[in-house]
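Novice: Structure, please.
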Amino acid sequence: MTTIKDELLYKIQTKSLQVAVIGLGYVGLPLAVEFARAGFRTIGLDLDHHKIDAINSGQSYIADVEQDELMDVVESGRLKATMDYDILRDCDAISICVPTPLSKTQDPDLSYVIAAVDAVGDYLHPGTMIILESTTYPGTTEEIIIPRLLHNGFEVGENVFVAFSPERIDPGRKDFKLQNTPRVIGGITPNCGELAFALYSQIVQEMVPVSSTTAAEMVKLLENTFRAVNIALVNEFLMICDKLGLDAWEIIDAAASKPFGFTKFTPGPGVGGHCIPLDPHYLSWKLRTLKYNARFIQLASEINTSMPSYWVDRIARALNEARRSVNDSDILVLGVTYKPDVDDVRESPALDIIRLLEENGARVSFHDPFVTSLHDEGLETPFTELTPQILAAADCVVIATNHSSYDWATVQQHAKLIIDTRYALGPVKIKQQSPVLSPA
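Specialist: The predicted structure follows:
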């Protein structure tokens with residue numbers, strides 16, 4: 001006898017399955033495009049009409065989605081975007097890729113996930129597969145999603161199927177994209193896991209099944225907690241070297257020559273983006289409900305969030321040595337995105353550096369090849385072109401993000417004083433003077 005699971009497997013194999021992706025941001029749009037490129041009829045759902053209009057006209061607003069690829073799947077009819085959730089009546093598989101921010105008290109805000117799941121529940125029908133990709137605390141899929149779907153005789157693993165597959169998008173990365181980044185999958189039941197595995201294997205080269213949705217949720221948190229803790233370690237190492245009068249970058253580079261037992265991380269102005277500053281707190285919050293204190297996570301967060309203050313202190317010391325003060329100084333910040341060569345300023349530590357400098361009376365301007373306005377971030381900091389005259393006029397140039405398009409030779413030639421939080425000026429500076437504090 002043919003089961004609902006068998007019917008879905010057949011639809012996957014024959015590409016007759018219709019897929020919906022809810023949330024068309026940095027995670028959802030690349031996913032929708034890949035499903036469409038693989039031959040599935042794909043619907044993108046979002047509440048932002050600007051995104052809907054852009055997609056349907058073939059205009060990419062995500063750097064990782066090539067304009068030609070988007071235009072191809074839109075013109076072929078394999079991808080369309082809408083704000084109308086009624087379309088879910090005809091969809092067999094639904095991937096949820098909505099934001100999962102933290103509240104001001106560092107508690108998980110699952111309102112976007114709950115809203116998406118409730119919308120799916122209104123149109124749930126036998127033979128629906130739901131895969132959550134949004135990062136969250138372990139247990140979310142079982143504790144939050146399943147109870148909201150179990151009505152009207154639905155039985156998970158028999159006529160509806162639920163899985164968790166954590167996104168692994170690294171914006172701006174060229175070597176690892178969605179297709180060649182291994183994909184973790186965990187299902188509520190073996191049938192759920194098998195179906196999600198079958199679907200995602202159509203767009204991803206390597207699949208990594210785990211025993212449950214909770215295990216898959218925990219994988220994502222381990223990945224990002226590992227990075228947060230090691231970034232905090234190397235940031236504290238920088239401050240230790242500062243106290244000892246040592247060049248942290250020289251020591252890190254030398255340690256990285258060891259071919260085993262050492263993973264290189266580099267210090268900087270802090271951590272940014274949606275993942276590293278936020279995700280470990282989901283685990284910390286969950287453990288607090290179990291009366292356990294996740295000390296490493298909390299300490300790492302304290303160190304990483306303190307880095308903008310550390311760098312502003314370094315700026316103040318450097319200006320003092322030049323017989324200047326932060327108050328009434330003209331300071332130029334180069335790079336405000338949270339990582340190089342992207343247009344993403346979410347949680348960027350450069351913004352905190354700017355705020356602290358302005359609070360201390362500095363006149364701050366910024367340049368970034370990907371960002372020309374910070375008004376949406378609550379800052380009125382003016383954008384400026386990057387010219388030799390602008391560099392020479394600044395009392396201090398602060399390198400917060402080392403975009404590859406910057407001409408560092410010109411920066412070195414014209415700037416009076418350089419504070420380099422990202423070691424953007426290259427290894428040659430080690431031989432000449434500290435790469436952190438670089439009087440030109």
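Novice: from here on, contacts and neighbour counts on C-alpha atoms
Specialist: Noted.
Novice: any idea how far K177 is from the closest residue to V73 other than its chain neighbours?
Specialist: Spatial nearest neighbour of V73, chain neighbours left out: L79 (5.5 Å); criterion: CA to CA, 6 or more residues apart in numbering. Relative to K177, L79 is positioned 20 Å away (CA to CA, to the nearest Å).
Novice: give me every residue that touches the residue nearest to D92 when sequence neighbours are not counted.
Specialist: Counting by CA to CA, 6+ apart, the nearest residue to D92 once its immediate chain neighbours are dropped is T128, at 4.8 Å. By CA atoms under 8 Å, 6 or more residues apart in numbering, T128 lies in contact with C91, D92, A93, I94, N159, V160, F161.
Novice: Show me the beta-bridge partners of T128.
Specialist: V160 (DSSP bridges).
Novice: Give me the distance between it and L9.
Specialist: Distance from T128 to L9, counting by CA to CA: 12 Å.
Novice: quick one, phi psi at the residue nearest to S329 when sequence neighbours are not counted?
Specialist: Leaving aside its sequence neighbours, S329 sits nearest to A362 (CA to CA, 6+ apart; 5.1 Å). In terms of degrees, to the nearest 10, the main-chain angles of A362 are phi -80, psi 150.
Novice: go on, I87?
Specialist: Per-residue torsions, I87: phi -60, psi -20 (degrees, to the nearest 10).
Novice: for the stretch 1-150 of the chain, what spans make up the helices?
Specialist: Using DSSP state H, counting those that start in this stretch, the helices of the stretch 1-150 of the chain run over residues 4-14, 28-37, 49-56, 67-75, 111-122, 140, 146-149.
Novice: quick revisit: please tell me the pLDDT value assigned to the residue nearest to S329.
Specialist: A362 is assigned 97 on the pLDDT scale.
Novice: For it, the count of nearby residues, please.
Specialist: 19 (other CA atoms under 10 Å).
Novice: ok, now T136?
Specialist: 29.
Novice: one step back: just the closest of the contacts of T128 to W408, please.
Specialist: Nearest to W408 among the contacts of T128, counting by CA to CA, is I94 at 46.2 Å.
Novice: deepest of the helices of the stretch 1-150 of the chain, which one?
Specialist: Counting by mean count of other CA atoms under 10 Å, helix 28-37 has the highest mean neighbour count of the helices of the stretch 1-150 of the chain, with a mean of 25.
Novice: what helices or strands is that one leaning on?
Specialist: Under the contact definition 3 or more CA pairs under 8 Å, 6 or more residues apart in numbering; DSSP states H and E, helix 28-37 sits against strand 18-22, strand 41-45, helix 67-75, strand 79-82.
Novice: Go again with 10 Å.
Specialist: Applying 3 or more CA pairs under 10 Å, 6 or more residues apart in numbering; DSSP states H and E, one finds that helix 28-37 makes contact with strand 18-22, strand 41-45, helix 67-75, strand 79-82, strand 93-96, helix 190-200.
Novice: Could you check how sure the model is about the strand or helix carrying W285, as an average pLDDT?
Specialist: Following DSSP states H and E, one finds W285 within helix 279-289. The predicted model assigns helix 279-289 a mean pLDDT of 90.
Novice: picking up where we left off before, more crowded one of L79 and K177?
Specialist: Taking other CA under 10 Å, L79 and K177 do not tie; L79 has more neighbours (28 against 17).
Novice: what is the more buried one paired to in the beta sheet?
Specialist: Residues in beta-bridge contact with L79 (DSSP bridges): T42.
Novice: Confirm for me that it is in contact with S57.
Specialist: No: if you go by CA atoms under 10 Å, L79 and S57 don't touch, sitting 11.0 Å apart.
Novice: and for the two, which residues touch both?
Specialist: Here L79 and S57 have L70, M71 as joint contacts, going by CA atoms under 10 Å, 6 or more residues apart in numbering.
Novice: Send me stretch 374-394 as PDB with only the CA atoms.
Specialist: Listed in PDB are the C-alpha atoms of stretch 374-394, where the atom choice follows Å, rounded to 0.1, in the frame of the first residue of the first chain:
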ATOM      1  CA  LEU A 374      23.700  54.600   9.200                       C
ATOM      2  CA  HIS A 375      20.300  56.400   9.900                       C
ATOM      3  CA  ASP A 376      18.500  53.100  10.300                       C
ATOM      4  CA  GLU A 377      21.000  52.200  13.000                       C
ATOM      5  CA  GLY A 378      20.100  55.300  15.100                       C
ATOM      6  CA  LEU A 379      23.300  57.100  14.100                       C
ATOM      7  CA  GLU A 380      23.600  60.400  12.300                       C
ATOM      8  CA  THR A 381      27.300  59.800  11.500                       C
ATOM      9  CA  PRO A 382      28.000  61.300   8.100                       C
ATOM     10  CA  PHE A 383      29.400  59.200   5.200                       C
ATOM     11  CA  THR A 384      32.400  60.600   3.500                       C
ATOM     12  CA  GLU A 385      34.300  59.800   0.300                       C
ATOM     13  CA  LEU A 386      37.800  58.300   0.800                       C
ATOM     14  CA  THR A 387      40.400  60.600  -0.600                       C
ATOM     15  CA  PRO A 388      44.000  61.500   0.400                       C
ATOM     16  CA  GLN A 389      42.700  64.900   1.600                       C
ATOM     17  CA  ILE A 390      40.100  63.300   3.800                       C
ATOM     18  CA  LEU A 391      42.600  60.900   5.300                       C
ATOM     19  CA  ALA A 392      45.100  63.700   5.900                       C
ATOM     20  CA  ALA A 393      42.500  65.900   7.600                       C
ATOM     21  CA  ALA A 394      41.500  63.200  10.200                       C
END
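Novice: number of nearby residues for V326?
Specialist: V326 has 24 nearby residues by other CA under 10 Å.
Novice: mind checking pLDDT for it?
Specialist: Note on V326: pLDDT of 97.
Novice: Does it touch A394 like I think?
Specialist: No: with contact defined as CA under 10 Å, V326 does not reach A394; the gap is 11.9 Å.
Novice: Overlap in contacts, the two.
Specialist: Jointly contacting V326 and A394 under the rule CA under 10 Å, 6+ apart are R363.
Novice: ok, back up a step: quick check: the gap between the residue nearest to D92 and G121.
Specialist: To G121, T128 is 10 Å away according to CA to CA.
Novice: okay, and the common contacts of those two?
Specialist: Any residue near both T128 and G121 by CA under 10 Å, 6+ apart counts here, and that gives L88.
Novice: immediately after the longest helix seen in the chain, which helix or strand?
Specialist: Scanning the chain for the helix with the most residues, using DSSP state H, yields helix 213-244. Heading C-terminal from helix 213-244, the first helix or strand you meet, by DSSP H and E, is helix 248-255.
Novice: and R355, which of the three is it?
Specialist: Of the three states, R355 takes helix under DSSP: H, G, I helix; E, B strand; the rest coil.
Novice: Return the helix or strand in the chain with minimum mean pLDDT.
Specialist: Every helix and strand of the chain was ranked by mean pLDDT, DSSP states H and E. The lowest is helix 428-432, at a mean of 35.
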